[in-house]
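[1] How does the following fold in three dimensions:
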Amino acid sequence: MQKLIPSVLAAALSASLALTIPAHAAAPNAANAAQQKQPKVQEAPLRAHLAFLSSDLLEGRGTGQRGGDLTVAYLETQALAAGLKPVLGKSFRQAVQIAGVKSLPADSSLRLEVNGAALPAAFGKDWVWAPGDAQAAHALDAELVFVGYGTVAPEEGWNDFKGQDMKGKVLVMMVNDPQPSAGQPGRFGGQALTYYGRWTYKFEEAARQGAAGVLLIHTTPSASYGWSVIRNSWDNVERFQLAQGATGTGLQGWLTDDTARSLFKAAGQDLDALRAAAESKDFRPVPLKARVAGEMKAAVRRLEQFNVAGVVPGTDPKLKDEVVIYSAHWDHLGRQGSDGGGEGHAATDTIFNGAVDNASGSAALLAMAQEASQHPARRSQMFLWVAAEEQGLLGSEAYATAPLWPLAKTAANLNLDSLNFIGVTRDIGAAGSERTELGKMAQAAAKAMRMVVSEAKPDLSGGYFRSDHFSFAKVGVPAFSITGGRDYLGDKAAAKAKAEAYSKRYHQVSDEYDPAWDMAGMVQHAQFALNLGRMVADAPRMPEWQAGDAFGKARAK
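    Numbers count the residues shown, from 1 in each chain. Sure thing, here's the model as predicted:
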C-alpha cells in the first residue's frame, strides 16, 4: 500500500470536524469555527426516518410485497426533499429484475440413485434443492462428481478441476476453504474465511464449469451454522435470484453430512478419505457411481424491484466526474405467515419490521444526504438504497452489473448495515478497509473524532462477503461496511446486555423501533461514515487496493 500523501490526511481531519464530540472530550477552540462549515448529521431527521421506515405501515419492507413498494416511494420522495439529484434522467429509481423461486417437492420426482436404486432422502430433512436458473421444470439424469472444495484460485496455485470437463455433471462440493497446514499456515487466509469458501462462490464456479448442477455437503463447523438454517431458507420458502445476466446451474442444493456419507458409502467411496485428499492441491475430481435423476419442479414468478439513487454533484471541475457511494439496503423480511388478530409480539405478529436491520442504515443515509447536499465536496457523492439484500445482495449486484456511474470513476463504496442503537463508543468497526487505502483513511477519520478503529480479528465466518459492499469489491471498487464499535462509554454492563438482547431479536418480529433509544451512538456511526466519505471525496486521488489483493485485479482491468 502506498503511503497517504499529506493532503489526503489533511482532508481527513477537515472532513471529520463535524463529529458529535463524546462527553469525555472537549472540542478544540480552533475546531469550533470550522465545525460550523462542515456537514453534521442531525438526530431529529435520523430518528424520524427510522421510526417511519420500521413502522407497521411499511410491513417489514419485504421483497415483492406492498411494504417494499411503499418504502421505495418514501425513499425517492425524501431523497428529493434532502436536495439530492437523480443520477440519470428524472428518476431516482433503478429497476432490478428478480425471479422468485419456490421448490415444489410434492410435484417433483428428483432422487439420488446408486446402481439404479434410489437412496432414501427426504426433502428438507436430508437434502434441499431448487433451480438456479429460474426455470420452472428440469428433467435430470446426471452423473455425480466429487470435486473437493470446487475451487479455482490461481494466486494459490489451486485448481480442483484439473481441466476435466464438467459439462452436464452434478458437482458435489465441500463448503469453506482448504484448511491451513503446518507447511502453509497462511494459505487461503489462514483461519479466516475467503470468498472461495462461501457457498455463493461454489454455486458461481459450478456455473462457470458448465455443470448441470451442484450439491454442497453441509457440516455445522464448515458452514458456521446448523442444518436448520439451510432448511429454513429452502423448505417451503420462496427464494429470489436476479432474472437478468448470468444464471446459475439448473440444480442448486445442499446435502446433510449423514446423507452425503450414505451416498458415498453406497457408491463405494469413503467420504472422510476423499475429504482428506481434497486438502491437497494435487486432488483430482472423483466420479461417483451415483446419479441425480428425475424431474424437478418449482413455482417461478418474475417481479421488478428498485434501487433508489440520488447524487450531490461535486464542485471540482475535474473531480466531479468521480463519485463516492454511500449505500444501505432498504429491504427486510416483510410480512410472513397469516395474521391471527393478536397484538404486540404475540405469536400472531407477522411483520418483521427490521428496525436495526436495516431501517437504521436507510434512515442514516437520508440524514447524511440532507447535510451533504448543503455542503458539497470536490467529488460527487451518491446515496444508494439497494433492494433485496436479504435475498442475496441482489440489488447491489444488479447495480454493479449495470452501474449508474462508471466503475472506473467510482472512488469508494461505504456501506451501512445495522447501526449502533446502544450508545456512544470509543471505537468504530472498519473490517475490510485494510484491503485498500481506505484503512488508513478510516484511522485518520476516527482519530479526528476522538475514536479508534476497532482491532482487526480473523474473519472466521466470511463477514466481508455477506453485505452489499461486497458487490462493489468484486468489480474492483474499494469498499467495506462501517459497523458499530463495542467499547461503549458509560455503563458497559448495560450496553453489553442490550447488545446480547438484540442478538435474540435479529431477523425476528421483535426487531422494532423503541422511542426510548439513545440515538447518540447511531448519530456518531452515521457521522463517521459521512466524514470518511467526504475525506475520500476531497482527496487529490482515488484510494487504491493493496498490492496483490484479489479484488484489486478487477480495478486494474
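[2] Can you tell me how far the nearest residue to Ser467 once chain neighbours are set aside is from Phe472?
    Nearest residue to Ser467 in three dimensions, chain neighbours excluded: Ser481, at 4.6 Å (CB to CB, 6 or more residues apart in numbering). (Each C-beta comes from the backbone N, C-alpha and C, glycine too.) Going from Ser481 to Phe472 by CB to CB, to the nearest Å gives 11 Å.
[3] quick revisit: so what's the residue nearest to Ser467 bridging to?
    Under the criterion DSSP bridges, Ser481 forms beta bridges with Asn415.
[4] Would you confirm that it contacts Asn413?
    No: if you go by CB atoms under 8 Å, Ser481 and Asn413 don't touch, sitting 9.3 Å apart.
[5] anything in contact with each of the two?
    The contact sets of Ser481 and Asn413 overlap at His469 (CB atoms under 8 Å, 6 or more residues apart in numbering).
[6] When these two are compared, which one has more neighbours?
    Asn413 (29 against 26; other CB atoms under 10 Å).
[7] May I have the secondary structure class of Val96?
    Recorded secondary structure, Val96: strand (DSSP: H, G, I helix; E, B strand; the rest coil).
[8] follow-up on the earlier one: tell me the contacts of the residue nearest to Ser467?
    Here Ser481 is in contact with 415-417, 431-432, 467-469 (criterion: CB under 8 Å, 6+ apart).
[9] want to throw those into a markdown table with neighbour count?
    Below are the contacts of Ser481 laid out as a markdown table (neighbours: other CB atoms under 10 Å):
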| residue | neighbour count |
| --- | --- |
| Asn415 | 28 |
| Leu416 | 27 |
| Asp417 | 21 |
| Ala431 | 19 |
| Gly432 | 27 |
| Ser467 | 24 |
| Asp468 | 27 |
| His469 | 28 |
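[10] and the one helix or strand Gln443 maps to, what other elements does it pack with?
    In the assignment (DSSP states H and E), Gln443 maps to helix 438-448. Counting contacts by 3 or more CB pairs under 8 Å, 6 or more residues apart in numbering; DSSP states H and E, helix 438-448 packs against helix 6-15, strand 427-429, strand 452-453, helix 520-538.
[11] Quick test: name the residue nearest the centre of the chain.
    Taking CA atoms, centre = their mean, the centroid of the chain lies closest to Ser467, which sits 1.6 Å from it.
[12] In this model Glu389 seems to touch it, though I could be wrong.
    Yes: counting by CB under 8 Å, Ser467 does reach Glu389; the two are 7.5 Å apart.
[13] what do these two both touch?
    Asp417.
[14] ok, now how distant is the residue nearest to Lys320 when sequence neighbours are not counted from Gln336?
    Nearest residue to Lys320 in three dimensions, chain neighbours excluded: Gly314, at 3.2 Å (CB to CB, 6+ apart). Relative to Gln336, Gly314 is positioned 43 Å away (CB to CB).
[15] who has more neighbours, those two?
    Gly314 (21 against 14).
[16] In this structure that one contacts His375, no?
    No: if you go by CB under 8 Å, Gly314 and His375 don't touch, sitting 11.9 Å apart.
[17] per the record, what domains does the chain have?
    Domain assignment of the chain by automatic domain parsing yields the ranges 6-95+305-454+467-556, 101-301.
[18] mean confidence score for the helix or strand Ala494 falls within?
    Element membership of Ala494 [criterion: DSSP H and E] is helix 492-505. The pLDDT scores in helix 492-505 average 91.
[19] quick one, it and helix 520-538 angle?
    Angle between the axes of helix 492-505 and helix 520-538 is 80 degrees (criterion: axes from the mean of the first three to the mean of the last three CA atoms, to 10 degrees).
[20] burial of Leu58, as a residue count?
    Neighbours of Leu58 (other CB under 10 Å): 25.
[21] neighbours of the residue nearest to it when sequence neighbours are not counted, just the number please.
    Distance criterion CB to CB, 6+ apart; nearest residue to Leu58, sequence neighbours excluded, is Gly67 at 4.5 Å. Residues lying near Gly67 (other CB under 10 Å) number 22.
[22] Might one say that Gly67 is in contact with Gly334?
    Yes: contact criterion CB under 8 Å: Gly67 and Gly334 qualify, at 5.9 Å.
[23] Many thanks, have a good one.
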